[in-house]
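Colleague: A predicted structure for the sequence below; I have some questions about it.
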Amino acid sequence: MLVLVVGFLIYQVIVPLFFLLWGSFKTSRPIDADYLHFTFTLTNYANALSGPEFWQAMANTVVYAFGSTALAAILGVTLAVVVART
């Protein structure tokens, strides 16, 4: 039974992750004939990092992460003080 679960996880997680990473290092589309050749490039990453959309999304993520962490900490400390005093 464990072999089936591990096999299923490999099929559902590892295989798609491999093809996602493989495609991110390629400039050709999966329907092109040269897609399976071993020609890797970082062009897609350079294009993503050089675009203003990426940096705006990164800034939004940082603001959201720090804001939600601060709010959770304030709420948690407030509730802990209330519980400790009652």
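Modeller: Structure received.
Colleague: next one: residue 9 from residue 19, what distance?
Modeller: Separation of residue 9 from residue 19 (Cβ to Cβ, to the nearest Å) stands at 16 Å. C-beta: built from backbone N, CA, C; applies to glycine.
Colleague: right, and the helix or strand after the least confident helix or strand in the chain by mean pLDDT?
Modeller: Scoring the helices and strands of the chain by mean pLDDT, DSSP states H and E places helix 15-24 at the bottom, with a mean of 89. Remark: after helix 15-24, the chain's next helix or strand is helix 43-50, criterion DSSP states H and E.
Colleague: what's the mean pLDDT across the very next helix or strand once past that next one?
Modeller: Of the helices and strands lying after helix 43-50 in sequence (DSSP H and E), the nearest is helix 52-85. For helix 52-85, mean pLDDT rounds to 97.
Colleague: quick check: angle from helix 52-85 to helix 43-50?
Modeller: 70 degrees (axes from the mean of the first three to the mean of the last three Cα atoms, to 10 degrees).
Colleague: quick one: buried residues of helix 52-85?
Modeller: Buried residues in helix 52-85, counting neighbours by 16 or more other Cβ atoms under 10 Å, are absent.
Colleague: how far off centre is it?
Modeller: With Cα atoms, centre = their mean, to the nearest Å as the basis, helix 52-85 stands 20 Å off its chain's centre.
Colleague: repeat for stretch 30-37
Modeller: For stretch 30-37, the distance to the chain centre is 25 Å (Cα atoms, centre = their mean).
Colleague: what's next to the least confident helix or strand of the chain, contact-wise?
Modeller: 30, 44-45 (Cβ atoms under 8 Å, 6 or more residues apart in numbering).
Colleague: out of the residues you listed, who's nearest residue 62?
Modeller: Comparing these against residue 62 with Cβ to Cβ places residue 45 closest, at 19.7 Å.
Colleague: pull the distance from stretch 78-86 to the chain's centre.
Modeller: 37 Å.
Colleague: please save the CA atoms from that stretch in CSV.
Modeller: C-alpha atoms of stretch 78-86 as CSV (Å, rounded to 0.1, in the frame of the first residue of the first chain):
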residue,chain,number,x,y,z
THR,A,78,-3.5,41.3,23.2
LEU,A,79,-5.4,38.1,23.6
ALA,A,80,-2.6,36.5,25.6
VAL,A,81,-2.6,39.5,28.0
VAL,A,82,-6.4,39.3,28.3
VAL,A,83,-6.3,35.5,29.0
ALA,A,84,-3.4,35.9,31.5
ARG,A,85,-5.2,38.6,33.5
THR,A,86,-8.5,36.7,33.8
